[in-house]
Each structure stands twice: as C-alpha cells, then as structure tokens.
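# Here's my sequence, what's the structure:
(one chain, ligands or ions: 2)
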Amino acid sequence: MQTPDLYTCFGEINAMRLLLLMTPNTYRAQAFVEAARRLDVEVVRGVDLPPAIAAEWNVPLALDFANTQAATQAIIEYAAKRPFDAIVPVDDGATLLAARAAAALGLPHNPPEAAEAARDKGIMRALMSAAGVPCPVFRRFPLASDPAEIARQVEYPCVVKPLRLSGSRGVIRANVPTEFVAAFERLKRILLGDGFPLASTDILVEDFIPGVEVALEGLLTDGELHTLAIFDKPDPLDGPFFEETIYVTPSRLSDEQQAAVSGCVAAAAKSIGLRDGPTHAEVRVNEHGPWMVEIAGRSIGGLCSTILEFGAQMSLEEIILRNALSLPLPTLDRSGPAAGVMMIPIPRTGVLGKVEGIERACAVPHITGVDISIKPHTQVIALPEGNSYLGFIFARADDPATAEAALRAAHAELRFEIRPLIMLAG
Ligand SMILES: Nc1ncnc2c1ncn2[C@@H]1O[C@H](COP(=O)(O)OP(=O)(O)O)[C@@H](O)[C@H]1O
Ligand SMILES: [Mg+2]
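Residues are numbered from 1 along each chain as shown. Ligands and ions are numbered 1, 2, ... in the order given. From the prediction side, this is the model:
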C-alpha cells in the first residue's frame, strides 16, 4: 500500500479541481499526483477503501469500487459541495466508475458502456468482430461445461482466457485436447478461488494468433486516436503462459506496419465506443497484418510510463490530465532517445528472500533505474495464477536494440532468492 501522506490534499486555492480514482495498492497514483502538482490543479483522491481506514489516512473520499452505484452517488454528493472539473481513473478498477460518475456530473468521458466493454473480454470481442476489426475467432463457454466436450469442438492451437482478469492471469495456450482440458481446469481453479460463481461465469476460447506483439499507447480525443508510442515486446509470447517482460520504444516495425497497427487500434476503439482519454492496446502482427488482442480505456500499467516523455519534459500523466481538464496540449510527440522497461517476471511461486545484484544492474550502461517493488518475505506467485512483477528495470539509449540489450544485461545481474512455500498438513 502507498504511504498515507500520499493522500493528503494540496493546492486548495486552485481554480481547477480533479478527482483521481485509485486503488490503495496502485503503482500509478504518484505520477498523476505529480502531474497535477505541475499543472497547479487541486487533487481530491477517491480511494477504494473502507471508510474507517480512509479517515485514519486522511483520504477525503472513500469509495467502494465494487459497488459502482453507491460510489457514483458518493461522488455526486461530494461534488455538490466541491465540484470537479474532471474525473480521472488511475487504473483499470476505476474506469467504469469514472465513466458513470462523469456522465452523472456532465463531465467529458467515455460512455459507461464502452468502459464496461473494455473491461470484459467477451463483450469486447463480440463488438470488435461485429465491426470487422481483425481479431481471433472466439467462442464463449460456461465455466460449468465439461472441458472434454469443448476440447472436441475447438480448433488448435487455441487460447483459454477469463473474461475479467488482467496481467495475463489465467491466459493459457493449448495445442491439443489434453492440454485444453488441463488449461480449462487450471483457469477454473483460479476463477473459483477468486470467488467467481460457477453457475454464472463464462470463459473464452480463441484461436491462437501467431506473430510478434506490440503495445500501443494512445490518447483519444473526441473519438480520434493519437498514437503516443508503440512498444515492441521483443520476448516471444508463444505460451503456454504469456508473461510480459520487455517493452521498447520506438518500435522496429516498418512505418507501414506501425500505421496499420494504429489503424487497427482506432477501429477497435470505435467498435467498442471508447472515445475520450488514454488507451492502451495490445496488437499481434503477422503476415496478414495486425490483429487486436485487447484494448483498455486506461494508460500503460505499473511504472512503465516513466520512460515516456513528450515535448519539453511532459509526462504521459500530464497529457492525460491536460486532456481531461481541456487544457492546451502543446505536443503529443514523444521526445528523447529510445527507451525500454522490463517488468521483472516472477520465475516461480514461493516466498521472496534476498535480492542481490541491484547495484551491478544499475551500473550496466544505459540503465536509468531498477525498482524492486515487491518487499522481501512476501509471497510471490508465478503465472498463470499470479499477476504481478518483482519490479521494473528502466533503460534509455540511442536506439531500441541497445536499450533492449541493456535491460537483458541488467536482468542477468539480478539474483532473486525464492524459497518454496511450506505447506502445513492438517
Ligand atoms: N488469441 C490469442 N492469440 C495469441 N496470443 C494471445 C491471444 N490472446 C491472448 N494472447 C496472449 O496473452 C496475453 C494476455 O492476454 P490478454 O487478452 O491481453 O489478457 P490480459 O487482460 O490478462 O492482459 C496477450 O498479451 C497475448 O500475448
Ligand atoms: Mg493484455
């Protein structure tokens, strides 16, 4: 969790007021708070916390993100006394609430149905494919189905995935029916463990799309997509699990391929109704062109945005806030040399012990930072059950290949002691 003083208000005398919606364990809040400070905009934090803890931490607005209706009402009541100029969700968990509350208060935002579609892979696929956006053939099955039965109906290789998890959690490739049954059962354990009801939960089975993968960071203004950055993901993502590791920008795809990626994401955004604010999309590219994996109505996750800079030292978060507050956007062009980030994957499940080699990793040329975000002695869970990282490595170099090589060299210097979990019988 972030330290309580992160929630303390500042800038009470400013003309503009912003509601930032955040979960207590977000990595992303600080960057938004700093951007607001630069713009001299007052920030009110709406945090997904029980009221008692919120009071102790000086959180002005405690909200239950799971209860969108009550949370929207709480925002409306707060805004009656202290009106907002914009509502910005810091990460995925708040996109629907932000859209609903902004709609209720007449502030510009995505339509709530679009925010809903961006969070639900089943709705997303149905809308995208109906609009002719290139995406894999998909089928939806009840979690209560017999996997052996489905295994006979689907094409291989395929990907089994949940509708509403993130960070590649529960996303598993199957090449043959026996792998399919195992993948289905594994996803079922994850979903039941998370409390999804067996009787009313569906899963998706999609054709596996071969190819390289890129991520597009964009800004939507009035339905128009501005591509802010395209990141290559140079580690192959061929399964059976899909661990995110290295992101490097600018992309080494050709200009034509990058233009096709932007066009595909613009069509995907339109198909689900996203039209305002940040978007983060994942696209696979092969000899047939780009294929949508998914699109979200939020910016890039974790600490990855810190490698992006626009114009004269403007952060991605400042762009997002300027757009939300209808302030001038001096530029949307990324500045600086090539940049890369590695989300350090969790190699196996266990308890994190010592972490060694941080200084050596930091000393690798072109490395600009190493941030081990998981504290020692905490449990770490590998994919497909887990969905976090050990931390982040950042690099800047004149070209993307050098940035990528630096990230790999720095990662090779790190040693993570991960002790097995001891299961107590009885
Ligand atoms: N149909 C598919 N074909 C190939 N790879 C896929 C497919 N669906 C998902 N993946 C891989 O799995 C990763 C995670 O899937 P995604 O749908 O983005 O779920 P999440 O919301 O958990 O990120 C993708 O980035 C991609 O590498
Ligand atoms: Mg994804």
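# Let me see the domain layout of this protein.
4-110, 111-131+211-296, 137-207, 337-426 (automatic domain parsing).
# Any residue of the shortest one touching ligand 2?
No - no part of domain 137-207 sits near ligand 2 under the criterion CB under 5 Å from the ion; the closest distance found is 6.4 Å. In this view, the C-beta of every residue, glycine as well, is placed from N, C-alpha and C.
# Tell me how far that domain lies from the chain's centre.
Here domain 137-207 is found 21 Å from its chain centre; the criterion is CA atoms, centre = their mean, to the nearest Å.
# Just the terminal-to-terminal distance for it.
Terminal residues of domain 137-207 lie 6 Å apart, using CA to CA, to the nearest Å.
# again with stretch 232-247
6 Å.
# Does ligand 1 have contacts with it?
Yes - remark: stretch 232-247 sits within contact range of ligand 1 at Leu237, Phe242, by CB under 6 Å from any ligand atom.
# Helices of the stretch 101-250 of the chain, start to end?
Using DSSP state H, counting those that start in this stretch, the helices of the stretch 101-250 of the chain run over residues 112-119, 121-130, 147-151, 177-193.
# So which elements touch the first one?
Same thing as helix 112-119. helix 95-105, helix 121-130, helix 255-272, strand 289-296 (3 or more CB pairs under 8 Å, 6 or more residues apart in numbering; DSSP states H and E).
# now the shortest one
Using 3+ CB pairs under 8 Å, 6+ apart as the contact definition, the elements that helix 147-151 packs against are helix 177-193.
# For the helix it packs on, buried residues please.
Neighbour counts over helix 177-193 (16 or more other CB atoms under 10 Å) mark Pro177, Glu179, Phe180, Val181, Ala182, Ala183, Phe184, Arg186, Leu187, Lys188, Ile190, Leu191 as buried.
# List the residues that contact the fifth one.
Right, Ala182. Going by CB atoms under 8 Å, 6 or more residues apart in numbering, Ala182 touches Ala174.
# Also the fourth one?
The neighbours of Val181, taking CB under 8 Å, 6+ apart as the test, are Pro147, Ala148, Ala151.
# Just give the closest residue to it, not the sequence neighbours.
Distance criterion CB to CB, 6 or more residues apart in numbering; nearest residue to Val181, sequence neighbours excluded, is Pro147 at 4.5 Å.
# Let me know whether the one you found touches Arg186 as I believe.
No - contact criterion CB atoms under 8 Å: Pro147 and Arg186 do not qualify, at 10.3 Å.
# Asp207: neighbour count?
Number of residues near Asp207 (other CB atoms under 10 Å) recorded here: 17.
# Thought Cys158 was touching it, still the case?
Yes - in this structure, Asp207 is within contact of Cys158 by CB under 8 Å, at 6.0 Å.
# Spell out which parts of the stretch 201-350 of the chain neighbour ligand 2.
Counting by CB under 5 Å from the ion, the stretch 201-350 of the chain sits next to ligand 2 at Glu282, Glu294.
# Show me what residue of the stretch 201-350 of the chain gets nearest to ligand 1.
Taking CB to the nearest ligand atom, ligand 1 has its nearest neighbour within the stretch 201-350 of the chain at Phe242, 3.3 Å off.
# cool, and the stretch 301-426 of the chain?
Across the stretch 301-426 of the chain, no residue is closer to ligand 1 than Asn387, which sits at 7.4 Å (CB to the nearest ligand atom).
# How about the secondary structure of that residue?
coil (DSSP: H, G, I helix; E, B strand; the rest coil).
# wouldn't it be in contact with Ser166 here?
Yes - between Asn387 and Ser166 a contact is recorded at 6.5 Å, counting by CB under 8 Å.
# re earlier: the residue of the stretch 301-426 of the chain closest to ligand 1 - nearest residue in space that isn't next to it in sequence?
Spatial nearest neighbour of Asn387, excluding adjacent residues (CB to CB, 6+ apart): Gly167 at 3.3 Å.
# Ser299 now?
Pro278 (4.0 Å).
# Could you report the neighbour count for the one you found?
Close neighbours of Pro278, defined as other CB under 10 Å, add up to 25.
# sorry, back to before: switch the domains of the chain over to CSV; also include distance to Ser326 and mean pLDDT.
Formatted as CSV, the domains of the chain follow (distance: least, CB to CB, whole Å; pLDDT from 0 to 100):
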stretch, distance to Ser326, mean pLDDT
domain 4-110, 8, 88
domain 111-131+211-296, 10, 97
domain 137-207, 30, 97
domain 337-426, 29, 93
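# centre of the chain versus stretch 341-354, how much separation?
19 Å.
# ok, back up a step: if I pick the closest residue in space to the residue of the stretch 201-350 of the chain closest to ligand 1 that isn't next to it in sequence, what's in contact with it?
Closest residue in space to Phe242, ignoring its immediate chain neighbours: Ser168 at 4.3 Å, by CB to CB, 6+ apart. By CB under 8 Å, 6+ apart, the contact set of Ser168 is Phe241, Phe242, Glu243, Glu244, Leu383, Pro384, Asn387.
# Likewise for Ala324?
Leu18, Ala86, Ile87, Val88, Pro108, Gly277.
# List the strands paired with the helix or strand containing the fourth one, with their directions.
Which is Val88. Here Val88, judged by DSSP states H and E, is contained in strand 86-89. Using DSSP bridges, the strands paired with strand 86-89 in its sheet are strand 17-22 (parallel).
# Mind listing residues that contact the helix or strand following the partner strand?
Going down the chain from strand 17-22, the next helix or strand is helix 29-39, by DSSP H and E. Identification of contacts with helix 29-39 by CB under 8 Å, 6+ apart yields 2, 6, 10-11, 16, 18, 20, 22, 42-43, 45, 88, 90, 305-306, 315-318, 320-322, 325, 327.
# Only the buried residues of helix 29-39, if you could.
Ala29, Ala31, Phe32, Val33, Ala35, Ala36, Leu39.
# what is the orientation angle of it with strand 17-22?
Interaxial angle, helix 29-39 versus strand 17-22 (axes from the mean of the first three to the mean of the last three CA atoms, to 10 degrees): 170 degrees.
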